[in-house]
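>>> here is the input, now give the coordinates:
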Amino acid sequence: MNNSDIIVSAAVEEELSKLIDSIESPIFSSVGGRRVAHGYIEGKPVRAIITGPGSVNTVQSLSAAIETAKPSLIIQTGCAGAFRESGLNIGDIGIATEEIDIQLGIETENGSLPLNELPFSMIKSSNVDIRNRYPLDIKLANQALDTLAKVFEGKSVQVIKGAFVTVSTITATDNRAKDIYKHYSPCMEGMEGAGAAHLAIHYDIPFLEIRAASNFVGKRNRNSWNLPLAFERGAMAVLNLIRTVDGLKV
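Residues are numbered from 1 along each chain as shown. Presented below is the predicted three-dimensional model:
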């Protein structure tokens, strides 16, 4: 691993605050109109970027940061909704093996999922032809899984890998959640992952997405959510990964 910065991005400040607290003498600045904390965590150069929610904000923020100084690794983090069928519970950790933009495509005749595939590529090169599914580095995801499984061993925290789905419209009914799981078998739903994955593939930068479950996908019951726990667990996961990042083959 080279000495370029590790970029850690999240939608809101609370998702990064505990990580920023671990940066030694952080320097705060603005890149592309976004707040950035820059410094070192146990000798590793880190830039923590608060992007704002959604893929559009994420793409704008990361583009500005990457064009300023290309990083060695991008880690997208924060909280997410967990699909019950995945076996994840609130506070557990998910690592993405694939990002699926389930709202990118052509509407079907009956308006159901899955959408028909676009007739053109979002990204195309000799290695990839992406319409709405962003394949991530499985070896890197497996390394992160091995590292975090050891970190959380004996702490009643599951760490699993699997597909994530990105949405612009947050799922708010159990029927919709079951339909999404039926077609894509994801473990988590978020709003930024596909945008971050798109940028990472476009710029050819190693990428990880690591999130903590704050709620279950489906009918919204804010009384059952645990955002503080998800913020804490997500930051703990990323912090421990950064500490051992020299062992990752990126």
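
>>> any low-confidence regions in the chain?
1-3, 247, 249-250 (pLDDT under 70).

>>> packing partners for the helix ranked longest in it?
Longest helix in the chain by number of residues, with DSSP state H as the criterion: helix 227-243. Counting contacts by 3 or more CB pairs under 8 Å, 6 or more residues apart in numbering; DSSP states H and E, helix 227-243 is packed against strand 6-10, helix 17-21, strand 34-41, strand 44-50, strand 73-82, strand 93-101, helix 138-151, strand 207-216. C-betas here are computed from N, CA, C, even on glycine.

>>> nearest to residue 125, of the ones you listed?
Counting by CB to CB, residue 125 lies closest to strand 207-216 out of the helices and strands packed on helix 227-243; the figure is 15.8 Å.

>>> show me what the closest one is packed against.
On a contact count with 3+ CB pairs under 8 Å, 6+ apart, strand 207-216 meets strand 73-82, strand 93-101, helix 138-151, strand 188-190, helix 193-203, helix 227-243.

>>> which neighbours does it have in its sheet, and in what orientation?
strand 73-82 (parallel), strand 93-101 (antiparallel) (DSSP bridges).

>>> okay, buried residues for it please.
Neighbour-count burial for strand 207-216, counted by 16 or more other CB atoms under 10 Å, picks out 207-216.

>>> between the helices and strands packed on helix 227-243, which one is closest to residue 60.
Closest approach to residue 60 among those (CB to CB): strand 34-41, 7.9 Å.

>>> surely residue 138 and residue 96 touch.
No. With contact defined as CB atoms under 8 Å, residue 138 does not count as touching residue 96 (10.4 Å).
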